[in-house]
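*Asks:* Sequence and computational prediction follow.
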Amino acid sequence: MVSATTPATAAEGRPYTNPIKSQKGADPWLEYYNGNYYLVTTSFTGVLTMRKSPTLAGLSTAASVQIWSDTTPTRNTNIWAPEIHFFDGHWYLYYSAAQSGVACCDSQRTHVLESAGTDPMGPYTYKNQLSGSNLSSGGWLIDATVLQNNNKLYLIGSGYINGSPQSLVIAPMSNPYTLASSTFTVISSPTASWETSGAAVNEGPEPLYHNGRTFLTFSASYCMTPDYKLGQLELTGTDPLNPASWTKKSTPVFQRNDANGVYGPGHNGFFSSPDGTENWIVYHANNSASSGCGNERTTRAQKFTWNADGTPNFGTPVALGTTLPGPSGETATTPTAYTLVNRNSGKCLDVEGGSTLDGANIFQWSCHGGANQKWRVEDLGDDTSRLVNVATGKVADTANCTTTDGTDIAQWSWLNNNCQKWRLVYTDTGDYVRIVNENSGKVADVANCGTADGTDVRLWTWLNNNCQQWRLVPTT
């Protein structure tokens, strides 16, 4: 929940440049919590990844860590618009997903996960599907968010009721993963000309609270057009379930900026600066007027202010490449790489001797901060990443693309094959991941759980032991 405070003079944060995520950047949700920013976006697959960084700038190079995957056929593809909310000591992750093998997009339903504890990265367990008995297309519901009002929770999403166009709909909740009623009510439909460019759409609702007032931004028009934009409602009545309680602003509040090369800005979220004095908007947009609804959309963020009448002033979207001061209160150095520390031995993933040769061995060694122990985790836009050694510029590779247990992991020039692609999969609290090879499905393992310097790192079947888990430690 973003609840604004009166801004005060504060030190600027670390400089950043949009985009803060250039791969799979659509429908972003960003939280600042316990010293770090957490960013999650649409995947279009059955996998969710999250980025974590102590500075906003660091999100652009942060590792995309897999926090959820689903094989259940009714919900294991086309994940859209994930967002996390903290209630009663747990994070709840809301998203829409589709049925495997069904053409897009009538099978989109809203689902919710629950974290085991207070770590935004999980681990998560599946809790429920949230749907309505009166929603058209059998319950189609996307872009769900949670509204808090008078100590009650309400689910607001985008759907169809009784032949309506794609509209904002609301239902009460009995807890963060259960609806109190399966009957949804329309609170906003696209009627104005600025809401109907390309298609008549209201979606992506996001609450914003300020000085006792409740606003709800939403995305209007069609994401295939450059005229995708943000509108705004305000809760001016007492009952959020009553459509008459909501007042729609007659004009958009955030839209394309051709002079800055920003098209189709929409599906936003809100977050506060680390010191709580600034309010920020995160959103996606395109670089060209013809880019549409796919993965060309990138994640951007910028600070916003408040008008004299107490309404938000989001300004205009800033151009890519513009260096801006980050959120106030940031004190950490912006990381650009990681050391990968084995959970069992406490030693670092290392290229032997810092050699630049193809085939140079990758093993563990006592951590010393050298560049040959630093790795960039570069997102490839397909739920995988490559591990690039900072000293050599070469990538972690599996010998001869072999898939057997014991296959050596060494460095090699980038060939863009699955043997050089990895999934960093979250295991539990403490930033430990398993490093899963995309070709073999096997993980980076310290041979025989050795703890000595020079112990080989190899492929092995996942055994869920500490020798196969690695901590991501941000570095520069």
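*Replies:* Thanks, I have it.
*Asks:* and stretch 133-143, average pLDDT?
*Replies:* For stretch 133-143, mean pLDDT rounds to 93.
*Asks:* buried sites along that stretch?
*Replies:* Leu135, Gly139, Trp140, Leu141, Ile142, Asp143 (16 or more other C-beta atoms under 10 Å). Every C-beta, even on glycine, is put in place using the N, C-alpha and C of the backbone.
*Asks:* Farthest-apart pair in the residues you listed, please.
*Replies:* Gly139 and Asp143 (14.4 Å; C-beta to C-beta).
*Asks:* Outline the domain layout of the chain.
*Replies:* Following the assignment in automatic domain parsing, the chain carries domains at 3-326, 337-475.
*Asks:* Using the three-state scheme, assign Thr251.
*Replies:* Secondary structure for Thr251, judged by DSSP: H, G, I helix; E, B strand; the rest coil, is coil.
*Asks:* quick one: it and Trp194 touch, right?
*Replies:* Yes - look at Thr251 against Trp194 with C-beta atoms under 8 Å: they come within range, at 7.2 Å.
*Asks:* more neighbours, the two?
*Replies:* A direct count of neighbours by other C-beta atoms under 10 Å for Thr251 and Trp194 places Trp194 higher, at 15 against 10.
*Asks:* Name all residues that make contact with the more buried one.
*Replies:* For Trp194, the contacting residues are Ala220, Ser221, Asp227, Lys229, Gly231, Thr251, Pro252, Gln255, by C-beta atoms under 8 Å, 6 or more residues apart in numbering.
*Asks:* The second one: neighbouring residues, count only.
*Replies:* It stands for Ser221. Ser221: 28 surrounding residues under other C-beta under 10 Å.
*Asks:* Look up how far Pro165 lies from it.
*Replies:* 11 Å (C-beta to C-beta, to the nearest Å).
*Asks:* For these two, list the residues in contact with both.
*Replies:* With C-beta under 8 Å, 6+ apart as the test, Ser221 and Pro165 both reach Pro190, Val201.
*Asks:* Low-confidence regions, this protein specifically.
*Replies:* Scanning the chain for pLDDT under 70 picks out 1-10.
*Asks:* Do a quick rundown of the helices in it.
*Replies:* Counting by DSSP state H, the chain has no helices at all.
*Asks:* any idea which residue of it is furthest from its center?
*Replies:* Distance to the chain centre peaks in the chain at Ala452, reaching 37.6 Å (criterion: C-alpha atoms, centre = their mean).
*Asks:* Just give the number of residues close to the closest residue to Trp470 other than its chain neighbours.
*Replies:* Sequence neighbours aside, Leu340 is the residue nearest to Trp470 in space, at 4.6 Å (criterion: C-beta to C-beta, 6 or more residues apart in numbering). Residues within reach of Leu340, counting by other C-beta under 10 Å, total 26.
*Asks:* Wait, His111 touches Asn128, no?
*Replies:* Yes - His111 is in contact with Asn128 according to C-beta under 8 Å; the separation is 7.2 Å.
*Asks:* Show me which of those two is the more surrounded one.
*Replies:* Comparing His111 with Asn128 by other C-beta under 10 Å, the one with more neighbours is His111, at 24 against 16.
*Asks:* bridging residues for the more buried one?
*Replies:* Tyr95, Gln129 (DSSP bridges).
*Asks:* Now do the contacts for it.
*Replies:* Arg75, Tyr94, Tyr95, Ser96, Ala97, Tyr126, Asn128, Gln129, Leu130.
*Asks:* residue contacts, the third one?
*Replies:* I take that to be Tyr95. Counted by C-beta under 8 Å, 6+ apart, Tyr95 has contacts Leu48, Ile79, Trp80, Ala81, Pro82, Glu83, Thr110, His111, Leu113, Ala144.
*Asks:* I'd like to know how far Glu12 sits from Val318.
*Replies:* Computed as C-beta to C-beta, the Glu12 to Val318 distance reads 15 Å.
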